[in-house]
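A.B. asks: what follows is a predicted protein model with its sequence.
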Amino acid sequence: MNDLDALALAESAAKTSRDLLRAGQGVAESAIGRDIKLQQDKASEAMIIAALREGAPFPVFSEEAGWIGGQPGAGEPWWALDPLDGSWNFFRGVPLCCVSVALCRDDRAVLGAIYDFNRDELFSGGPGLGFRVNGVATQPPERPRAVLATGLPAHADHSPDGLARVFGRVASWTKVRMIGSAALSLAWVAAGRFDGYEEEGINWYDVAAGCALVEAAGGEISVTGKVGEPMHVRATTGKVKA
């Protein structure tokens, strides 16, 4: 399967659970610490995994189920999936959540699709494939460095020192936004709605597709950490002026 076919599959799979996720507010199965698990997380995951595995039976690394189909060898393709990024928002009826699907090789996302089912916006692309919003090739506008998206994920350091580090890295930005969805934040960086994104303690399935989109739009990505462990991710659009 070439990357264009894989991108078409990712786009289609990301929309598979649209009707389910549009149907209503989330139903909680558990809430442990700062994390929540919803019935819709698992139901969406099952639908998307079935679509991905039918189209390209690569291993899948997903938020709810972990590795499916074994772990890939060096250079082999695999899917990274977050079937509902922004679960707390979804649970509370806040329309800032999405589905995130990425194709990866080793520890790098080569393409991705992020579907904002509330607004029916599909962000997709990858390095060398371009960046598209609802199928239309898009380039972010050139703007001053002003708006940073960040967050405090469940696995972040919430101690006073940890929070101080967060404030330290956002202080130079004109505005800071926490929308509660890392994937959607990165999609909006790629689209030029935000100028940058930085988050510590985030999971790869949350950011993989978004990293591919930022690179597709000419932006820069920095990732520290290993797949399967909390990571530190930075992204800036390529149109940001110093």
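C.D. replies: Ah, there it is. The structure displayed is predicted, hence computed values, not measured ones.
A.B. asks: tell me the buried residues in stretch 55-72?
C.D. replies: Using 16 or more other C-beta atoms under 10 Å as the test for burial, stretch 55-72 gives 55-56, 58-64, 68, 72. From N, CA and C alone the C-beta is placed, and that goes for glycine too.
A.B. asks: can you lay out these as a markdown table showing pLDDT?
C.D. replies: A markdown table is the format used below for the buried residues of stretch 55-72 (pLDDT from 0 to 100):
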| residue | pLDDT |
| --- | --- |
| G55 | 95 |
| A56 | 93 |
| F58 | 95 |
| P59 | 96 |
| V60 | 96 |
| F61 | 94 |
| S62 | 92 |
| E63 | 82 |
| E64 | 80 |
| I68 | 93 |
| P72 | 92 |
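A.B. asks: what is the nearest of these to L96?
C.D. replies: E63 (17.2 Å; C-beta to C-beta).
A.B. asks: gap between the two ends of stretch 137-157?
C.D. replies: With C-alpha to C-alpha, to the nearest Å as the measure, the first residue of stretch 137-157 is 38 Å from its last.
A.B. asks: could you export stretch 86-102 as CSV, CA atoms only?
C.D. replies: C-alpha atoms of stretch 86-102 as CSV (Å, rounded to 0.1, in the frame of the first residue of the first chain):
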residue,chain,number,x,y,z
GLY,A,86,-10.8,15.0,24.5
SER,A,87,-12.9,12.5,26.4
TRP,A,88,-13.5,14.9,29.3
ASN,A,89,-14.8,17.5,26.9
PHE,A,90,-17.0,15.0,25.2
PHE,A,91,-18.3,13.8,28.6
ARG,A,92,-19.3,17.4,29.6
GLY,A,93,-20.7,18.3,26.2
VAL,A,94,-17.9,20.6,25.3
PRO,A,95,-17.5,20.4,21.5
LEU,A,96,-13.7,20.3,21.4
CYS,A,97,-12.8,16.6,20.7
CYS,A,98,-11.9,14.5,17.7
VAL,A,99,-10.7,11.2,16.3
SER,A,100,-7.0,10.8,15.5
VAL,A,101,-5.5,8.2,13.1
ALA,A,102,-1.8,8.1,12.0
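A.B. asks: could I get the average pLDDT for that stretch?
C.D. replies: Across stretch 86-102, pLDDT averages out at 95.
A.B. asks: quick one: buried residues of that stretch?
C.D. replies: 86-91, 96-102.
A.B. asks: which of these fall in strands?
C.D. replies: Residues of those located in strands (DSSP state E): 98-102.
A.B. asks: so which of those residues is the closest to E121?
C.D. replies: Taking these together and measuring to E121 by C-beta to C-beta, the closest member is C98, at 8.6 Å.
A.B. asks: what's the closest non-adjacent residue to W88?
C.D. replies: In space, and not counting its chain neighbours, W88 is closest to I36: 5.7 Å by C-beta to C-beta, 6 or more residues apart in numbering.
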